[in-house]
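Sequence first, predicted coordinates after that:
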Amino acid sequence: MLRWLRSLLGRSESNAARLWIISAPSGAGKTSLVRELCQRQPKLRMSVSYTTRSRRPAEVDGHDYHFIDVSTFKAKAAAGEFLEHAEVFGNFYATGRAEVQTILDQGHNVILEIDWQGARQARAAMPEAGSIFILPPSFAELERRLRGRGSDSEEVIQRRLSEARQDMSHWPEFAYVVINDDFGSAADALEAILARQGDPWRSGNPEMKNKVTRLLA
């Protein structure tokens, strides 16, 4: 079945390229799932974000991010060059409008990995975009994952947990919801959604709504 889905997705990419917005609270596994999705579907393209934060040693400009200074960022924002932009932890992040459109014009689906605030802006700018929200199987599991990273202080962990609760409350704004209780199954769900076979994961699906309600209770 997955081979059939991948074939269908390949045809949809060439005939009806689409922007897909994927959001999640910190610790839900979004980045790992998006990487897996891109490995399964080489024709997918990730949008490279702009940021004003400092480049980390292993990062490559133009691949991980487009690193620019604050004045350049503000000038681009004022000129309407961004599809969405936001300030996160004192740094600015944005998605280039022209870059996304160029990839779409080439016939490729584009994955935009951003938070719910950026997703709201992007949907307003491109109402035809698809949107997916990824949830952890429980808040306790989310906390376990955040602590398991071993790189954040207790203060940072508590801040991320508080923000995660707020983030998760915005799941109804997205067309689809995927609960990452099993990595392989969650990746399969994302693949099915992009192949236009995502009805079981629609946020308006009564069964899905019940699952999410229980998860957030």
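The structure has been received and is ready for your questions.

And the strands in the chain?
Listed in chain order, the strands of the chain (DSSP state E) span 19-23, 45-46, 50-51, 66-67, 82-88, 91-96, 110-113, 130-135, 176-179.

Need the CA coordinates for the first one. CSV is fine.
Right, the one you point to is strand 19-23. Included here for strand 19-23 are C-alpha records, laid out as CSV according to Å, rounded to 0.1, in the frame of the first residue of the first chain:
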residue,chain,number,x,y,z
LEU,A,19,2.6,24.0,0.1
TRP,A,20,2.3,21.9,3.2
ILE,A,21,2.6,23.6,6.6
ILE,A,22,3.7,21.3,9.5
SER,A,23,3.6,22.5,13.1
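
start at 21 instead
That works, and once the first residue is 21, the last one we named lands at strand 39-43.

Give the other helices and strands that it contacts.
Packing partners of strand 39-43 (3 or more CB pairs under 8 Å, 6 or more residues apart in numbering; DSSP states H and E): helix 50-60, strand 130-133, helix 136-145, strand 150-155. C-beta: built from backbone N, CA, C; applies to glycine.

Can you give the distance from the second one to the centre of its chain?
Its chain's C-alpha centre and that of strand 130-133 lie 6 Å apart, by CA atoms, centre = their mean, to the nearest Å.

Which residues does that strand contact?
Defining contact as CB atoms under 8 Å, 6 or more residues apart in numbering, one finds that strand 130-133 is touched by 37-43, 50-51, 54, 57-58, 64-67, 103, 115, 120, 123-124, 139, 142, 149.
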